[in-house]
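Asker: structure here, sequence nowhere to be found:
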């Protein structure tokens, strides 16, 4: 299910290049490190490889050179971008942006010289070359130096990655076999035999090799790169290679191959390349049927383009495909029959585009490209479909021309899943102009994903008049980080609250979350980053749960106070404390709400639960003081004015380790809360007084040698606990100061109790039970 | 992320058996087909296998026998359930409910005779027997006939399923090897050497065999079942086998093994058993360390119980485990680094239960069982953890007894994921009493999942006093079927609406969804099940989109009206139509809102978009009439009083096939809407008049032989279209009445147009473009 209130996609539109002869390829191109990306664009016929410099990156470079301040928000990126010609080739096809010589500057790989068209593809062409980025200081002055990677006739698509190992960069490239042995038929009734992608309109029957090139050690002097054939048996008419870490973020890159065989996943595992069919794509029609005009009797079937989309925490929740080659059919594959191990996919047709002629599947479009990404910022991927347009007879019915202006077969469609398993989506058209390919990136330097599209213009195939490159600035993403992306995540834990906390070193600014108001104190949990300054109000207190804080009087830790009978205030004479520089600090903040009070009965003590789990959809009960006699262990306290309110657990988010448990107690005039020694618990406990209602109430420790059963008041060491004071831990300590552990690993304590004093009101205090096994 | 407003779990509690000597096993037991489930319960020491009959099932049987009406809601199931002794064995351990002789009655498999305890396990015991269900008429009269399946010493856990093939039922069973060769150490300082699960407190070092038994053809006369060893090398101290179709709903059953080796997945693939480690569970502590009292120096590590939970559309989104054997630690495994193929799991500790003694991991509990299921009805699985309790010294410190009454180590915990990938959960305690094991089922016959729990009582190990079996009736599930579970799912489709429709045969009652109000008519889409009665208001109309409806005047289908120039009203003289008995019907309902109207301008025609996509989080734009001159194809209509409002797509949910597209038009006084013949479209179109504002407006068809460019009014066949009338299709038909298809598969039409008439108001009509390739 989609989250509620999905934003309507909204993109600004700005032409960033309007002086083009043709239009085929756009590739996001981050010129150097720490720059917003620019663009590499190319045309098939013009042969020009251009770098369009993002004005923000250019201005930043200039400001830096001049030593001036730079503000990205002041740069207008909606005008034409400065263009640099990188190279000019005969018929360049695919472009890849990758830093080949590892100098921090992105280089460009191009495959080119595939010949005029497939039937006459140059058997000596199909070169793969790379162009060395000369650096900004030489941009427009020095040429980009050209070097050779390899060659295969009619090379057509390429991607860079780490496919068979993680040490050396590799390029996979898919070619088109050509030659007189391939059966060929001219099918499209009114279109040229010459086409953009070198193979349209021809029935190709010989499988295409997919080749892996591995970068040599000496990339600057190598005459060519080591190569190996990944597959030359299974694929014909490959239109796209899509590369992702399909085997998980820690795995190798692998490849989705869109070809006449559908969408296949090619991955390297245990020393060899494996192949898995994801979808057969558009089915092959029977070409022998008598009615040659039946739908889809064209040359193309299978898949033309594919990408995988993330939903929730599944990085490959669906696969969007455009079927077949230069296709008509927008599909998604969703997972079915999912087990622990294998995934099967079901194909859902979302839309069929195209004029009746295009629907014949001669490779006339209108679809050319598909890409998945999270544009609305909700954590789920949408996908875009680029439609280049359709052809029509001109007014005089004399020639075939692109249908003028906007029309249903031209533009960019934006699809968002509403139920990915069922293949149910919503759709918006986000651009009206012809689109051959889409480059995505954070071009504006904001935190929103923008896109750049080029209009399709390949001579004699589909010539969108005056093709331009447009930047579509994302104006709608409202990143809604999941509640659980927060550093403090509250949840319900069996009638108590549980707070999952980030490690302080992971937070960049103070994080705070309210817990409860008790006895005129508002108590909240806070995470402070390393070395953070922590202000403390004059009437307030703080108690460290993890890490440490320091002021002029010294350093405070969770358990660092010298042992009982030492007591210490939790307030600070300083107005500011500093969090530990290596560990930061997690603290309870106890803020005074008006005048300190005393109350006659536990039921009078003001309590307000401020812990809020509503954003998680959870109802959290109001906490309240309960008579101990009603607790599971309270049989011995019938009629005793002794109550408990529990409480909150604090745990780390990462390994879920317990930090401490917080609960609250009240005891009345002269109440004996029971002598005990925690022989059935494993924790280190301290108490903080919130209201000394019995005036002399506090911790009593049984003197050594005395028996708990027969002990009188004189047998105890007595420590009245003043308001906002804590007492040092009662547990036994070894010579290193560490807690002594006894039978069954319990923390060893002397016998002790809270004892109410002479006053007529109730004592109110909080107890913190620390995990003795947590590395503090 | 969790959905908002998660319900707080709430279960009623009713004791359904209170006269027990001990308590160990409960198993959901559906006595026969079409019955609500009852229960099989057993105790280790008493040896009794009992069937507790669900009062609803019993009453239903009785009513049927008497030929009386039966109302499940009138039956009280919260009192004691009638008990039938099925068998009595020496030390029965696991119970499985499965129909072995395939007569529709569920039989019972029991493993028994494992001997008094592990050290003295009976080398000739470990029998697996099955008990034949005698049928209700013989219940309590005839014994359940006993037959032998197989044997292995100290047989301990079993499950039924189809593990290596899908034809013959199999039982997998895990045993405990015993004998003098196993190293043994008595570890628990104050507990008996005798234990419930036959192996606690002993360090077991010889691997345990897991055995597969396959049902013979002649189950009634077979002397034993064919068996094979699945694994006898890898597992020691197996505490639970969990069986699901972990490889997907179409796959084989496979097994999650909870053992000292952690949670492992055992599955059969390509002719052999494979094993995958999911989690090592509780780590093994170094027993050689000097401090023998260090945490977890007990005999147990690994996992004690495990189950897999569904979240969203992932059937195995997490695995809940209880670690180790009779464990202390509630964990979930979530998926990390997920790729297309492999799944890795990360262990999150949710809670650690137990007294300090139990935390030593001598197998003293308190955890015994874990089970995942969707109790709140939101489509995601929660999981339950059964805690049997802890032991304590009695008041006189003389003996070890179960801690009396409710306490933190006793009861049933209910965990719900709030972020499964991060392992963040919420928790509620839903039962206070000791729980050994939980049976889940729809015991009340409602649509909510209830549970039954048995208190733990195994003599000399943990003896909960007066152990009872309790039914916990689900009182909180609020099944919120996802919007997309509905039969009519609306979505946004590029400024139009798209309605995904179920096939009529899949719906049990009429489904309706509003679309729009136009020209004083409210238009909605409806699905009617097979043979349904469809009322039609006197002033209203219906138009079939799929299937058919019939009244006294005949049958109506989408395209069944005789060809143009035939017209027909869409209203009905009958007040009721009947949907087709094999296909049902999908219809547009057009309901009159007050008096029929005419309007001077298109802008005056009342339009209200009632199509609502808010439940899907989608904003749907208000539709409105747009001048055709402003449409992408409207260049030729500058200044013409001709408008369009588009519209809605109707598609099937299952294969997404297009049924029809709906749009609206207006044309003014004498307006010529353009002669065309749909040469660039593929559809079969009809029109329905909503307001005949120009009085004589309607469809004009060019006579054969006339040229569209030069045609005058007399060259057309003219059909004025009255309000709520449709015209027969204009397309050419072959001798079978099917649409003739032309070049590029288009539907062939004569030239035609809508022509406004003499009146001064505007015509308003709707157009339906049907998919000619849909099997109607």
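Answerer: Thanks, I have the structure now. Given the structure is predicted, the values throughout are model-derived calculations rather than measurements.
Asker: could you use CA atoms for every contact and neighbour count after this?
Answerer: Noted.
Asker: and the pLDDT at the closest residue to residue A:625 other than its chain neighbours?
Answerer: Setting aside the residues directly before and after it, residue A:625 is nearest to residue A:645 in space (C-alpha to C-alpha, 6 or more residues apart in numbering or on different chains), at 4.5 Å. At residue A:645, the pLDDT value in this model is 98.
Asker: residue A:645 and residue A:630 touch, don't they?
Answerer: No - here residue A:645 does not reach residue A:630: they are 11.8 Å apart, not a contact under C-alpha atoms under 8 Å.
Asker: more neighbours: these two, which one.
Answerer: A direct count of neighbours by other C-alpha atoms under 10 Å in any protein chain shown for residue A:645 and residue A:630 places residue A:645 higher, at 19 against 13.
Asker: need the contact list for the more buried one.
Answerer: A:623-626, A:663-665 (C-alpha atoms under 8 Å, 6 or more residues apart in numbering or on different chains).
Asker: out of the residues you listed, grab the one that's most surrounded.
Answerer: Among those, residue A:665 has the most neighbours (other C-alpha under 10 Å), with 25 neighbours.
Asker: how much space between it and residue A:219?
Answerer: As judged by C-alpha to C-alpha, to the nearest Å, residue A:665 and residue A:219 stand 72 Å apart.
Asker: kindly report the same for residue A:647.
Answerer: Residue A:647 sits 64 Å away from residue A:219, going by C-alpha to C-alpha.
Asker: which one's more surrounded, these two?
Answerer: Set side by side, residue A:647 and residue A:219 show more neighbours around residue A:647, with 21 against 16, by other C-alpha under 10 Å.
Asker: the more buried one against residue A:662, yeah?
Answerer: Yes - with contact defined as C-alpha under 8 Å, residue A:647 reaches residue A:662; the gap is 5.3 Å.
Asker: mutual contacts of those two, please.
Answerer: Residues touching both residue A:647 and residue A:662 (C-alpha under 8 Å, 6+ apart): none.
Asker: list of residues touching stretch A:682-693?
Answerer: Here stretch A:682-693 makes contact (C-alpha under 8 Å, 6+ apart) with A:519, A:521, A:596-600, A:668, A:721-731, A:745-747, A:759-772, B:356.
Asker: kindly recompute the last result at 7 Å.
Answerer: The contact list for stretch A:682-693 (C-alpha atoms under 7 Å, 6 or more residues apart in numbering or on different chains) reads A:519, A:597-599, A:721-729, A:746-747, A:759-772, B:356.
Asker: generate a ChimeraX selection restricted to the buried subset of those.
Answerer: The buried residues among those can be selected in ChimeraX (16 or more other C-alpha atoms under 10 Å in any protein chain shown) with this line:
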select /A:519,598,599,721,722,723,724,725,726,727,728,729,746,747,759,760,761,762,763,764,765,766,767,768,769,770,771,772 /B:356
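Asker: averaged pLDDT, stretch A:237-247. What do you get?
Answerer: Mean pLDDT, stretch A:237-247: 89.
Asker: check which element follows the lowest-mean-pLDDT helix or strand in chain A along the chain.
Answerer: When the helices and strands of chain A are scored by mean pLDDT, DSSP states H and E, strand A:391-393 comes last with a mean of 84. The helix or strand immediately downstream of strand A:391-393 is strand A:400-402, counting by DSSP states H and E.
Asker: tell me which strands the following helix or strand past that next one pairs with, and in which orientation.
Answerer: For strand A:400-402, the succeeding helix or strand toward the C-terminus, using DSSP H and E, is strand A:410-419. As defined by DSSP bridges, the strand partners of strand A:410-419 come to strand A:382-388 (antiparallel), strand A:424-431 (antiparallel).
Asker: want to try a markdown table for those strands, with distance to residue A:555, mean pLDDT and mean neighbour count as columns?
Answerer: Listed next are these as a markdown table, based on distance: least, C-alpha to C-alpha, whole Å; pLDDT from 0 to 100; neighbours: other C-alpha atoms under 10 Å in any protein chain shown:
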| stretch | distance to residue A:555 | mean pLDDT | mean neighbour count |
| --- | --- | --- | --- |
| strand A:382-388 | 51 | 97 | 27 |
| strand A:424-431 | 57 | 94 | 21 |
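Asker: nearest to residue A:572, of those strands?
Answerer: strand A:382-388 (52.3 Å; C-alpha to C-alpha).
Asker: re the thing from before, what's the least confident helix or strand of chain A packed up against?
Answerer: strand A:400-402 (3 or more C-alpha pairs under 7 Å, 6 or more residues apart in numbering or on different chains; DSSP states H and E).
Asker: buried residues of the helix or strand hosting residue A:266, list them for me.
Answerer: Following DSSP H and E, one finds residue A:266 within strand A:262-269. The neighbour-count check on strand A:262-269 (16+ other C-alpha under 10 Å) flags A:262-268 as buried.
Asker: of those, closest to chain B?
Answerer: Nearest to chain B among those: residue A:265, at 9.1 Å, using C-alpha to the nearest C-alpha.
Asker: without its sequence neighbours, what residue ends up closest to that closest one?
Answerer: Spatial nearest neighbour of residue A:265, excluding adjacent residues (C-alpha to C-alpha, 6+ apart): residue A:256 at 4.5 Å.
Asker: show me what contacts that neighbour?
Answerer: A:241-243, A:263-266.
Asker: equivalent analysis for residue A:166, please.
Answerer: Here residue A:166 is in contact with residue A:252 (C-alpha under 7 Å, 6+ apart).
Asker: residue ranges with poor pLDDT in chain A?
Answerer: Scanning chain A for pLDDT under 70 picks out the ranges A:1-5, A:115-121, A:176-205, A:286-298, A:342, A:395, A:479-482.
Asker: if we use 50, what do you get?
Answerer: Within chain A, the set of residues satisfying pLDDT under 50 comprises A:1-4, A:179-203, A:287-297.
Asker: tell me if residue A:629 really is in a helix.
Answerer: Yes - under DSSP: H, G, I helix; E, B strand; the rest coil, residue A:629 sits within a helix.
Asker: might one say that it is in contact with residue A:637?
Answerer: Yes - Residue A:629 lies in contact with residue A:637 (C-alpha atoms under 7 Å); the separation is 5.0 Å.
Asker: give me the residue at the spatial middle of chain A.
Answerer: Most central in chain A under C-alpha atoms, centre = their mean is residue A:379, positioned 6.7 Å from the mean C-alpha point.
Asker: that residue is in what secondary structure piece?
Answerer: Using DSSP H and E, residue A:379 maps to neither a helix nor a strand.
Asker: got the contact list for it?
Answerer: Residue A:379 makes contacts with residue A:312, as judged by C-alpha under 7 Å, 6+ apart.
Asker: which phi and psi values does it adopt?
Answerer: phi 100, psi -10 (degrees, to the nearest 10).
Asker: flag every residue of the stretch 301-450 of chain A that's near chain B.
Answerer: When proximity is defined by C-alpha under 7 Å from any C-alpha of the partner chain, the stretch 301-450 of chain A lies next to chain B at A:313, A:315-316, A:337-343, A:348-350, A:355-357, A:360, A:406-407, A:419, A:421, A:426-429.
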